[in-house]
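Engineer: pasting the sequence and the predicted coordinates here, then a few questions.
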Amino acid sequence: MPEQIPHRKFATDDGILWDVWEVRPDDGETTYLREAWLCFENQSGERWRFAPIPHGWEEVSDGVLRIIRDMPEPESARIADAARARVLARHTAEHRAAELEDYVAEISGRVRKPDPMLETAPSLAEMRR
C-alpha cells in the first residue's frame, strides 16, 4: 500500500487557493535538489517550491503557509542554507554515537550524563510517535 503524502490546502490573502504537498525524490530520480521540498500549486497550475521542508508544516496555521509561500526566493534560500548548515554541524559521527548511547541508556533505564549537543535531539519516545 503506498504511503500517504502529507497534503494541505489554504487560501492566500487575495483568495487564491493553493495545494501544498511534500515531494521526496527517489534515489534514482534526476533532480537538481537532493532533498525533499514542499510543492505549492494554485488553481491555474502555477507551481512554487520551498526547501527544506519545515518540521511540522502539516500542523501550522494557514498564515504560516502564506508566509512561506510569499517569501522572496533569496530569503528562502538563506533560511534553507542556514538549516542545512545547522543539521550538518549536528550530524557528526561523534554526535550520532552520543545520541545512540543516550537511546540505549534510555531503553535500559540507565541515565547518562547530559550532552549539551543533544539537548534538542528527540527522545526515543518522541521518535516513535
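Structural biologist: Looks like it came in fine. Numbers count the residues shown, from 1 in each chain.
Engineer: from here on, contacts and neighbour counts on C-alpha atoms
Structural biologist: Noted.
Engineer: what segments of this protein are helices?
Structural biologist: 62-70, 73-90, 93-108, 124-128 (DSSP state H).
Engineer: now render those as JSON lines, adding distance to Arg49.
Structural biologist: As requested, these are exported to JSON lines (distance: least, C-alpha to C-alpha, whole Å):
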{"stretch": "helix 62-70", "distance to Arg49": "8"}
{"stretch": "helix 73-90", "distance to Arg49": "10"}
{"stretch": "helix 93-108", "distance to Arg49": "30"}
{"stretch": "helix 124-128", "distance to Arg49": "27"}
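Engineer: of the ones you listed, which is nearest Asp14?
Structural biologist: Asp14 lies closest, by C-alpha to C-alpha, to one member of the helices of the chain: helix 62-70, at 10.7 Å.
Engineer: go through that closest one and flag the buried ones.
Structural biologist: Buried residues in helix 62-70, defined by neighbour count with 16 or more other C-alpha atoms under 10 Å: Asp62, Leu65, Ile68, Arg69.
Engineer: and for stretch 88-99?
Structural biologist: Under 16+ other C-alpha under 10 Å, the buried positions of stretch 88-99 are Ala98, Glu99.
Engineer: same question for stretch 35-49.
Structural biologist: So, applying 16+ other C-alpha under 10 Å, buried residues of stretch 35-49: Ala36, Trp37, Leu38, Cys39, Phe40, Glu41, Asn42, Arg49.
Engineer: contact partners of it?
Structural biologist: Residues from elsewhere that reach stretch 35-49 (C-alpha atoms under 8 Å, 6 or more residues apart in numbering): 16-25, 50-53, 69.
Engineer: what's the least confident stretch among the helices of the chain?
Structural biologist: Sorting the helices of the chain by mean pLDDT places helix 124-128 lowest, at a mean of 51.
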